[in-house]
Structure formats: C-alpha cells, structure tokens
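*Asks:* The following block contains a protein sequence and its predicted model.
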Amino acid sequence: MIVRAALCPSPPLLALGVTGQTVVLPELRDACEAAVAWLLAAAPDAVTVIGPATATVAWPPDGVPDLSMHAPALGRPARPPAPAGAGSLNAATALPLSLAIGAHLLNAAGYLGPRVLQSVAESASPDACQDLGRDLAADAPLTALLVIGDGSARRSAAAPGYLDERAEPFDTVVEQAVRDGDLTALAALDPDLARDLLAAGRPAWQVMAGALAATAPVRPRTRILYSDAPFGVAYLVATLNPTP
Amino acid sequence: MDDVGAARSEPRPRRPPGPLRLGGREFPPERALVMAIVNRTPDSFYRPGVTWDEDAALERVHAIVAEGADLLDVGGVPAKPGPEVTVTEEIRRIVPFIERVRAAYPDLVISVDTWRHEPARAACEAGADLLNDTWSAWDPKVADVAAEFAVGLVCSHVGVALPRNRPHRAAFADVAADVLDRVLLLAGRALAAGVEADRIVIDPAHDFGKNTWHSLEVTGRLGELTATGWPVLMSASRKDFVGETLGVGVDDRLAGTLAATAVGAWLGARVFRAHDVAATRQALDMVASIKGERPPARATRGLA
C-alpha cells in the first residue's frame, strides 16, 4: 500500500552542475528536497519512482541518472562494473529524464533502500495509467511514491513551447486538484490537451491518482511546496498523505 | 523523423576536392568567408528592426560590402517563436530587397535564410545564389529548388526541433555524432536531387534544437565536421550559447563570438555568418596568418 506520495518536476536544471556556475532556482531545489525528505521520513519499505517516458517500462532499480545527454561536458557517471552474466545499463538504455531526476533526488537524500523505477508511456490513456497505479498500490510493501511530472511548457512567450493561453488555466486545474486531494479531477485530465500544452506530467499524475484511490477511500491530505513557471514550464512540488 | 539507423545505412558522401562555388564566384579552400546578416524582420534577436526599412537594409548592405563581406544572408523570418509569417509575407520581405541588392551588386553572393520552398524559389528567381536552410530540410523541396536553379544549399542539423521552436530538454547521446550523421544524410539527398557537389555547405546550426552545452561541444568538435571535406558554415554570432557561457546579454557578446569564431576557423570551418563583419574578418585573417595560410598585411619590424 502507498503510505506517502510526493510530486516533483523534472527539469534537467534541477541537477547541480547542469546550470553551470550559477545555482538556479534554489527555492525549487529546496522544495523538492523537503518533499523527498518528508517521503522518506515515513520509513517506507520501498520507494517507487513514477515518471513519463516513451514507454511503460520497469527500469533496473540500480539505474544511474546520467544527464550527460543534456550537458555533455559534465561527463558520464562512472558505473560500477556489472556482475558476471548480468545485463548492464549503457548509454543506449540510459534512464529517461523523469526517472533520472527521481533517482537523483533519492540519491541526494541519501536513500539506500529498495526502489522501483517505473516509467509510464507519454501516450498511455487515463484508464491505463490508473490501472498501473492500482497495480503498484496492490504490491505488498509499504511504499512511498515519488511522482515526477511537469505542467505545461507553454506558459509564456519565452517558454520553450512559446505561449498558449490555455496553459495557465490547465496548470491551475492541476494545482487545485492536488491541493484538494481531488484524485477524480486528476484522472479526468484530458490527455490530448495535456499533450498540446506539453504538460508531460499528465500520465504520471494519473498513475498516482489510481494508486492513491486504491489505497484509501478518502482524499489525501496535501501540501503545495512550490508552484510556479519561472522559465515558462510549470513546476509543481507537493506532498500527498493518504493515511487518515 | 529519420533515425540514426537510416542515416548510417545511406552512403556518407565524400566531397570532391576543389573550391566552393557560389554564384559566379569560386572560393578556394583556404579562404575563410564572412557571411553578413541582414534581417528583413521587425523582431530578430539582435538589434531588432534595424534593417526592417528597405532603404536602411540597403544602406547596411553598402556597409557590409565595404567591410569585406563575401556573402550576404537575407532572412525574412526570425528563428524564435512568434507571430506567424506567411509565405506571402516572407516573399514580400525578401524578394524586392534581393532584386535591389542584385542590381546594385551583380557579383555579391546572396544567400537567403529560408526553410520553405516557395520563398526559396522566389528568391532564386530574384537572383539568390545560396539557400541557407537552417531548419534541416523540414521542407525537402528546398533541395529541389536548389538543384533546379543550380544554386548552393546549406545542410543543417536541428535535432528534433521543428521550425521556430525552441529546444525543450534537448538530449543527445553524442551531439557531434548526431550532427555529422544528419548533415551528411542531407548532403547525400541534395546530391541525389541534383544539387552540385561544389555548392553544398554543411552547418551544425548552433543553438538550433541544442542547448548551450551542446553548442559548446559541437564547436569544440568542429574538426569532425571539417574533416569530411564539406565546407562548414558556422553561425554563432551573438547567440545565446555565447551569452550563457559568459553571462552576458546580446549586446555584449562580440568577444565571445570572436573567440568561438577563432576556434571554428582554427578547426577548419569555411563560412562564418556574422553581425559584426569587420571584426569577424579581422579574427579570420588573424587565424589564417597563424595557420600560415595568409601572409601578414605588412611586416617590417625586425626586418629592416
């Protein structure tokens, strides 16, 4: 069952070093740190990281975040030698960005316990996402969910996705749904609109909605730790507590 | 979108030795060329609108010719997102102007910065010599226009970016290899379409679908592109990768641009698209002399 859930975004700039000499958005980094610390304070048996990617895949739990695809000069991380006979994660199977950031946040928090790295396909339907969430919740140990997802990347003329007037209202709906613990509203997010608005987090939020709905019949108690779009991409950091 | 596998399975075309031919000019391999930017837009990123008025734009052409530019690059649509510029409007912005420039300068090599075949065609009819397609053959018919009019073509790399879209978390396992694969793929297609080999130019297209780290990496590894023998166009002038590297705004990027220019020239790039023509010409001449390919202008000190 899910004991706690936290939401974090996945801009590459969240990882130290990627922004070069200047530390950018320390308040976002602090919020993510606080959310993950709260997640781990429940002493879960395992942490499951959920994040969008091209396919729904359970990734090797020892996957090493590698941001060199975004910042080649930072170099590839040294990998421990693979045990004889085991497959190894190479550049061709690098963790998708969302899971890389999730793993990075857990590593930065010093988490050494069991972890699951689960990607959900960007194109997955709301029903498929919620089914995945239910399956994750049904798995036995006391699990904390680290849900990685971004709101719209079309929040301003300077945004990577330029400005779409529908973006801010969409992100407001998402934030309000999280604030209210309204899992039904998250499940109802329109995947086509989310895709048009480059809101990559949609499937991950819906996996979370399915997992939390299966865990407890009441709305989770939530806190918003960060909600802003300083670069035109909406970042939402929140904690969700399903236990009454 | 083509995948790397497709790129690798097509032959990687070799450039026969010889000059770069654009318009009626033949540029020998050792000669680094300055391509002067004149934007026919109200909203390009550097000094927006300064050449929006056609007379002002023509004055700018006089100036860059006097400063030693080898080519003129005329563009009607900014690279960044913004209000749509239709094909009709793009043609309106560039074609009458190209006609005026051609009339004033019969031998100046005129490049047109466009990614759509209709403005490309209209520009060629008006006398353009080179199609500078910075969006990596989003419109494959641009190569056909280049072949039909026997003009030059720039083969560029933009990763997964669509025209006038910013890179959003651009990621490459090896950006320099991705660039090489893409530009060679497009060079091969250009040849197959009938573009003449000595009129093809390749361009990594700094910052197009790439972040600052990627543009720096591509610059440092430009030798991998120049080693192909295809003339390399470097368009780094005052771009954001310079600004982010040095922490400076667009008006303060000349030094960084010239440093990148010198590195590119040292590594063998041939054409340099620039806002600051005289300064770029000096930087290129300095590098050429350091390489031993250009005698000093006048040396008497210690020689008397």
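*Replies:* Perfect, thanks for sending it. Residues are numbered from 1 along each chain as shown, chains lettered A, B, ... in the order given.
*Asks:* Give me the residue at the spatial middle of chain A.
*Replies:* Residue closest to the average C-alpha location in chain A (C-alpha atoms, centre = their mean): residue A:148, at 0.5 Å.
*Asks:* avg pLDDT for the longest helix seen in chain A?
*Replies:* Scanning chain A for the longest helix, with DSSP state H as the assignment, gives helix A:26-41. Averaging pLDDT along helix A:26-41 gives 98.
*Asks:* I'd like to know if it reaches chain B anywhere along the stretch.
*Replies:* No. Using C-beta under 8 Å from any C-beta of the partner chain, helix A:26-41 stays clear of chain B, coming no nearer than 15.6 Å. Quick note: C-beta positions are derived from backbone N, CA and C, even for glycine.
*Asks:* Show me the contact partners of that helix.
*Replies:* When contacts are defined by C-beta atoms under 8 Å, 6 or more residues apart in numbering or on different chains, helix A:26-41 is touched by residues A:4-9, A:14, A:16, A:23, A:47, A:105-106, A:108-109, A:111, A:144-146, A:225-226, A:228, A:235, A:237-239.
*Asks:* Could you rerun that using 6 Å?
*Replies:* By C-beta atoms under 6 Å, 6 or more residues apart in numbering or on different chains, the surrounding residues in contact with helix A:26-41 are A:4, A:6, A:8, A:105, A:109, A:111, A:144, A:225-226, A:235, A:237, A:239.
*Asks:* burial count for the nearest residue to residue A:136 once chain neighbours are set aside?
*Replies:* Excluding the flanking residues, the one nearest residue A:136 by C-beta to C-beta, 6 or more residues apart in numbering or on different chains is residue A:211, at 5.1 Å. Residues lying near residue A:211 (other C-beta atoms under 10 Å in any protein chain shown) number 29.
*Asks:* My reading is that residue A:211 lies in a helix. Confirm?
*Replies:* Yes. Under DSSP: H, G, I helix; E, B strand; the rest coil, residue A:211 sits within a helix.
*Asks:* quick one: contacts for it?
*Replies:* So, once contact is read as C-beta under 6 Å, 6+ apart, residue A:211 ends up touching A:2, A:133, A:136-137.
*Asks:* residue ranges for the strands of chain A, please.
*Replies:* A:2-8, A:46-53, A:57-59, A:115-121, A:143-148, A:221-228, A:235-241 (DSSP state E).
*Asks:* Between the two ends of stretch A:170-189, how far is it?
*Replies:* End-to-end span of stretch A:170-189 (C-alpha to C-alpha, to the nearest Å): 9 Å.
*Asks:* buried sites along it?
*Replies:* A:170-171, A:173-175, A:177-178, A:181-183, A:185-187, A:189 (16 or more other C-beta atoms under 10 Å in any protein chain shown).
*Asks:* How far away from the center of its chain is it?
*Replies:* The chain centre lies 16 Å from the centre of stretch A:170-189; the measure is C-alpha atoms, centre = their mean, to the nearest Å.
*Asks:* same check, this time on stretch B:157-173
*Replies:* 18 Å.
*Asks:* now check it, is it near chain A?
*Replies:* Yes. Using C-beta under 6 Å from any C-beta of the partner chain, we find that stretch B:157-173 touches chain A at B:166, B:168-169, B:171-173.
*Asks:* if you average pLDDT over stretch A:191-202, what comes out?
*Replies:* 98.
*Asks:* Correction: the previous question concerned stretch B:59-72.
*Replies:* Across stretch B:59-72, pLDDT averages out at 97.
*Asks:* And stretch B:168-188, by the same measure?
*Replies:* Averaged across stretch B:168-188, pLDDT comes to 97.
*Asks:* Next, count neighbours for the closest residue to the residue nearest to the centre of chain A other than its chain neighbours.
*Replies:* Once flanking residues are discounted, residue A:148 sits nearest to residue A:51: 3.7 Å by C-beta to C-beta, 6+ apart. By other C-beta under 10 Å, the residues close to residue A:51 number 30.
*Asks:* if we can go back for a sec, from the contacts of helix A:26-41, which two are the most distant?
*Replies:* A:111 and A:235 (21.6 Å; C-beta to C-beta).
*Asks:* Close to chain A: what parts of chain B are there?
*Replies:* Contact residues, chain B versus chain A (C-beta under 6 Å from any C-beta): B:81, B:166, B:168-169, B:171-173, B:213, B:217.
*Asks:* Tell me where chain A has helices.
*Replies:* For chain A, helices defined by DSSP H occupy the ranges A:26-41, A:97-108, A:126-138, A:167-180, A:183-187, A:191-196, A:202-215.
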